[in-house]
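K.L.:
Sequence and predicted model, in that order:
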There are 2 protein chains.
Amino acid sequence: MPRLVMKFGGTSVADIDRIRNAARKVKQEVENGYEVTVVVSAMSGETNKLVGWVSGAAQGDTAGTPGFYDAREYDAIVSSGELVTSGLMAIVLQEMGINARSWQGWQVPVNTTSDHGAARIESIPTDNLDAKFTEGMQVAVVAGFQGLSADGRVTTLGRGGSDTTAVAFAAAQNAERCDIYTDVDGIYTTDPRITGKARRLKKIAFEEMLEMASLGAKVLQTRSVELAMRNNVRLRVLSSFEENTDNAGTLVCSEEDIMESNVVTGVACSRDEAKLTLISVADRPGVAAAIFTPLAEAGVIVDMIVQNISEEGRTDMTFSCPVSDVPRAEKALMDAKARGDFNFRELDKDVNVAKVSIIGIGMRSHAGVAQKMFKNLADDGVNIKVITTSEIKVSVLVDRKYMELTVQSLHDAFELERST
Amino acid sequence: MPRLVMKFGGTSVADIDRIRNAARKVKQEVENGYEVTVVVSAMSGETNKLVGWVSGAAQGDTAGTPGFYDAREYDAIVSSGELVTSGLMAIVLQEMGINARSWQGWQVPVNTTSDHGAARIESIPTDNLDAKFTEGMQVAVVAGFQGLSADGRVTTLGRGGSDTTAVAFAAAQNAERCDIYTDVDGIYTTDPRITGKARRLKKIAFEEMLEMASLGAKVLQTRSVELAMRNNVRLRVLSSFEENTDNAGTLVCSEEDIMESNVVTGVACSRDEAKLTLISVADRPGVAAAIFTPLAEAGVIVDMIVQNISEEGRTDMTFSCPVSDVPRAEKALMDAKARGDFNFRELDKDVNVAKVSIIGIGMRSHAGVAQKMFKNLADDGVNIKVITTSEIKVSVLVDRKYMELTVQSLHDAFELERST
């Protein structure tokens, strides 16, 4: 029998009515002839509640002391939300006449590393599940987000980990597809709030999905996409709240499965970026490491990095980060300068920029894509502040006020409203 | 090292502050030199919430159809509340500098039968715990109420099951004592709301505790007392919300541990009782079974049963049950009569009675205890409607309006306010 993995996120199982709605979709696939593994998240809100309790427990008697907690206990507590959903889903399915049962992470087992709070799945022996499928089980309802360490403790995979659980099961079970049900109906060429011309993509390549962070990351955990790419698991993103046809949602798949596509697949953007430039850094081997180590230690999320040759023996170093990280970044850099880790003349700061990117595997075989983008911006009178490129992506920083205009204009220029 | 089991119920771990309060008591016992196993219930309210979700899931699409649920899934869901508390307790203890960790039922493992929802503990191999105690663990925090069936599913022990978990661990670990922390500070000679002379008992025998249903059942699950009696586990009931000395609470122990006691230990009462009498039942072998089988099937909780010889070949059959069960009892009896299962002339009904009992292991060796009770009631002008006796208990049904008077009067007559 062909196998299918279906994953339902927190908003898709937020209450009993929604669980029942999700169960109807599962039933449909059983009737379509699949042996189904359902992976569920905790009901939305539950994980936050549990995390809040952990924080409360870890707060300590002496006010002001930062809370401590044992990540093994955190995992034991936080993983309980998925147990509840998996049991409820099994009951609802049984009531619909389906032979279903819940599986807790340790029951399968989902073997993981011991990195509590951010464990990685090492193996999923499917013997137990296979035996039950052979005995007549039609649906295995698996508690997502969790696993079992070698020393018998419960682990969790980090936020959004249920996507990874789903993909790992699809790989282990050699499933035909892994359907991720969520509160959006797919991946779009760009944010539909920016242009009404945004179009749902029928297919997108794994690589594009990974580069499409701003469009895709809220929908699908990055790690799950990497895992799907490595194991060539066909992922489909679709809505829990609509009637879905065979053609629904967006299929995330390998490049070979996409016969024909536009040169550019999507336009991504990120609003609250800041650009920092260290002007006239004394250039020497190791200076980049000297600059970015204290930033990393301060927890600054550095995105783009550009280094320009300046006068002899000096260089300018530019990077971008979220606006909210700027104060920490400034402090880390000034402290490092004061310590004599490196030297620069001045720190230039622009907190009013946004990032706009075009992404597409077609770029590899098409010259002139970047030029077309730059010309388009020039025609609109938009000044480009920083450029970075990868094989399938070109990103620019522009003044924040031009972000929407730039996205709309590029969406038009690359004709993304038209399907191939 | 001597071992101690400490159990905290739902109200004792209702929030983080209370968990911290409970943890301080645990720390005290660690400092007293014990290896401690802590058994925790779910935070109060959590189990009811989970049960509510199960009911919701089992409700079905078609309104009116009674809900169905798989007891295995019920157990998987409802047992999650204790997982949360055990993890939180471990974190709080660790923060107090104690080497503690949580243990889920399957991790120990707590081996049970497969009677989901009402499983019985079969064995608790302590190898895993022992190994960790040897490695330096000071406190094992065990999720109560749950276990593992032979086929690897999570089971629960039924309401109040955490008491049973605690006693079973005390037996398996050969603990010096099993301390049950609750919201009352012990077992009293009678309900303190009825007489201010009610006195906390320092000790009570297992048998007395079992007979003391109305005084004790809200404090300690009956099954846990039976288990403690069978394994001779010294149980102590004490308050989570007070500073406890060595002499705190009530010790429930074997008769031999009680050097000297009053003839009567306590006066129990139960307010909302009803008395039903089948008058002039055609007497034949099997008639009692014929009468009580339909009552049991209707879910009527029958308490006292008295059969009187009446005229030749006829008998009167009297029983008591909770007032709320009377309509079901009447229907069951009239239906059975209509089916011809048995015959009687009339059904006499008194829904205004209460039960008052005196309990004490001293009765065995003291004659005249029942007579003293009956004389006392006669002196008060209280008419006795039904009498039943066991080796260590005498119970009577009286008009409900006399319940308090009777309890107060018997408490005085047997001098229960005076400690031996």
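P.N.:
Yep, that arrived.

K.L.:
Up against chain B, what does the stretch 1-150 of chain A have?
P.N.:
Applying C-beta under 8 Å from any C-beta of the partner chain, we find that the stretch 1-150 of chain A lies next to chain B at A:16, A:19-20, A:50, A:53-54, A:56-61, A:67-70, A:72-74, A:76-77, A:80-81, A:83-84, A:86-88, A:90-92, A:94-95, A:101-102, A:104, A:106-107. For every residue, glycine as well, the C-beta is placed using N, CA and C.

K.L.:
how about the nearest residue to A:D183 once chain neighbours are set aside, what does it touch?
P.N.:
Spatial nearest neighbour of A:D183, chain neighbours left out: A:T11 (4.8 Å); criterion: C-beta to C-beta, 6 or more residues apart in numbering or on different chains. By C-beta atoms under 8 Å, 6 or more residues apart in numbering or on different chains, the contact set of A:T11 is A:18, A:44, A:182-183, A:240.

K.L.:
Adding pLDDT as columns, could you present those in TSV?
P.N.:
Listed next are the contacts of A:T11 as TSV, based on pLDDT from 0 to 100:
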residue	pLDDT
A:R18	96
A:S44	92
A:T182	92
A:D183	88
A:S240	91
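
K.L.:
if we can go back for a sec, so the residue nearest to A:D183: helix, strand or coil?
P.N.:
helix (DSSP: H, G, I helix; E, B strand; the rest coil).

K.L.:
can you pull the pLDDT of it?
P.N.:
We have a pLDDT of 92 for A:T11.

K.L.:
Looking at the contacts of A:T11, spot the one nearest B:A288.
P.N.:
Each of the contacts of A:T11 was scored against B:A288 by C-beta to C-beta, and A:R18 proved nearest at 52.5 Å.

K.L.:
Any idea how many residues pack against that closest one?
P.N.:
By other C-beta atoms under 10 Å in any protein chain shown, 18 other residues sit near A:R18.

K.L.:
So it versus A:S41, what's the distance?
P.N.:
Distance of A:R18 to A:S41, given as C-beta to C-beta, to the nearest Å: 12 Å.

K.L.:
so what sits against both of the two?
P.N.:
With C-beta under 8 Å, 6+ apart as the test, A:R18 and A:S41 both reach A:S12.

K.L.:
Adjacent strands (with direction) for the helix or strand A:V394 falls within?
P.N.:
Assessed by DSSP states H and E, A:V394 sits inside strand A:393-399. Looking at strand A:393-399 with DSSP bridges, its partner strands are strand A:346-359 (antiparallel), strand A:386-390 (antiparallel).

K.L.:
Could you figure out how far the strand ranked longest in chain A is turned away from strand A:346-359?
P.N.:
Counting residues, the longest strand found in chain A (DSSP state E) is strand A:266-282. Relative orientation of strand A:266-282 versus strand A:346-359 (axes from the mean of the first three to the mean of the last three C-alpha atoms, to 10 degrees): 150 degrees.

K.L.:
CA atoms only for strand A:266-282 - export them in PDB, please.
P.N.:
Extracted C-alpha coordinates of strand A:266-282, given in PDB (Å, rounded to 0.1, in the frame of the first residue of the first chain):
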ATOM      1  CA  GLY A 266       9.800  34.600  -6.200                       C
ATOM      2  CA  VAL A 267      10.500  38.000  -4.700                       C
ATOM      3  CA  ALA A 268      11.200  37.900  -1.000                       C
ATOM      4  CA  CYS A 269      11.600  40.900   1.300                       C
ATOM      5  CA  SER A 270      12.400  41.600   4.900                       C
ATOM      6  CA  ARG A 271      11.400  45.000   6.300                       C
ATOM      7  CA  ASP A 272      13.200  45.700   9.500                       C
ATOM      8  CA  GLU A 273      16.900  45.500   8.500                       C
ATOM      9  CA  ALA A 274      19.700  47.800   9.400                       C
ATOM     10  CA  LYS A 275      23.000  48.400   7.700                       C
ATOM     11  CA  LEU A 276      26.200  48.900   9.700                       C
ATOM     12  CA  THR A 277      29.500  49.900   8.100                       C
ATOM     13  CA  LEU A 278      32.900  50.000   9.800                       C
ATOM     14  CA  ILE A 279      34.700  52.600   7.900                       C
ATOM     15  CA  SER A 280      38.400  52.400   7.300                       C
ATOM     16  CA  VAL A 281      39.200  49.200   9.100                       C
ATOM     17  CA  ALA A 282      42.900  48.400   9.400                       C
END
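
K.L.:
between whatever helix or strand comes next after it and strand A:266-282, what angle do the directions make?
P.N.:
Sequence order places helix A:287-297 as the next helix or strand after strand A:266-282, per DSSP H and E. Per the same axes, to 10 degrees, the angle that helix A:287-297 makes with strand A:266-282 is 120 degrees.

K.L.:
Just the buried residues of helix A:287-297, please?
P.N.:
Under the neighbour-count criterion of 16 or more other C-beta atoms under 10 Å in any protein chain shown, helix A:287-297 has A:287, A:291-292, A:294-295 buried.
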